[in-house]
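Participant: Any chance you can model this:
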Amino acid sequence: MKKLTTMILLIASAFILSCEGPMGPPGIPGEDGDSLIGSIFEIEGDFTAGNQYQLFFDFPNKFEIYDTDVVLVYILWDVVKVNGVNTDVWRSLPQTLVFDQGILQYNFDYTVNDVRVFLETTLSSGELLPAETQDQVFRIAVLPADFVSMKSKSELNDMNLLLNAPEINLNLVKK
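Facilitator: Alright, predicted model coming up:
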């Protein structure tokens with residue numbers, strides 16, 4: 001009798017556990033519903049003695065950056081033909097150029113309010129060429145820490161991978 005009761009209990013347990021009910025209510029959304037969304041901004045400018053060889057980008061008033069967010073900056077390094085189509089080549093900052101006369105480095109820093117892109121150099125201002133200082137284009141990527149922790153360093157250094165990531169908000173690209 002004991003074996004029969006145990007067997008009935010096992011069958012009843014298996015039957016109850018295999019049942020499915022209606023789906024429960026959705027969970028509470030995150031603070032803004034887009035907690036893993038990054039944003040990319042674009043700036044262009046000239047490095048001159050007048051601006052002390054630095055460019056500033058102020059984050060828009062409605063844009064909120066958190067202390068835990070990661071900010072990366074990329075410079076438009078070149079444009080090459082790929083299958084007959086012009087394709088941008090982006091490099092992550094800092095980027096260092098070594099010349100016979102000295103060193104030139106593109107670098108950046110940021111706060112929760114702005115990003116500063118600047119030149120550090122051992123060259124005199126007369127030795128800087130227009131190709132190194134004029135019409136420079138930069139992309140500023142603001143990424144949530146959770147997103148960054150899921151990516152490898154090589155993925156973060158590749159602007160094209162970031163631009164194609166579904167978590168990146170391309171609506172904020174400024175030209």
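Participant: so where do the helices sit in this protein?
Facilitator: Under the criterion DSSP state H, the chain carries helices at the ranges 2-17, 130-133, 145-149, 153-157, 159-164.
Participant: Would you check how far apart residue 25 and residue 135 are?
Facilitator: 54 Å (Cβ to Cβ, to the nearest Å). Placement of C-beta: from N, CA and C, glycine included.
Participant: more neighbours, those two?
Facilitator: The neighbour comparison of residue 25 against residue 135 (other Cβ atoms under 10 Å) goes to residue 135, with 10 against 5.
Participant: Report the contact partners of the more buried one.
Facilitator: For residue 135, the contact set (Cβ atoms under 8 Å, 6 or more residues apart in numbering) comprises 44, 46.
Participant: Where does the prediction get shaky in this structure?
Facilitator: Low-confidence segments of the chain (pLDDT under 70): 1-4, 6-7, 9-21, 24, 27-36, 146-175.
Participant: Recalculate using a threshold of 90.
Facilitator: The chain contains residues with pLDDT under 90 at 1-39, 61-70, 123-127, 143-175.
Participant: Return the longest strand in it, judged by number of residues.
Facilitator: The single longest strand within the chain, with elements called by DSSP state E, is strand 70-82.
Participant: Pull out the buried residues from that one.
Facilitator: The neighbour-count check on strand 70-82 (16 or more other Cβ atoms under 10 Å) flags 70-76 as buried.
Participant: quick one: contacts for residue 46?
Facilitator: Counted by Cβ under 8 Å, 6+ apart, residue 46 has contacts 133-136.
Participant: Give me the sheet partners of the longest strand of the chain and which way each runs.
Facilitator: According to DSSP bridges, strand 70-82 forms sheet pairs with strand 85-92 (antiparallel), strand 136-143 (antiparallel).
Participant: Just name the most buried of these.
Facilitator: Among the strands paired with strand 70-82, ranked by average contacts under mean count of other Cβ atoms under 10 Å, first place goes to strand 136-143 (a mean of 21).
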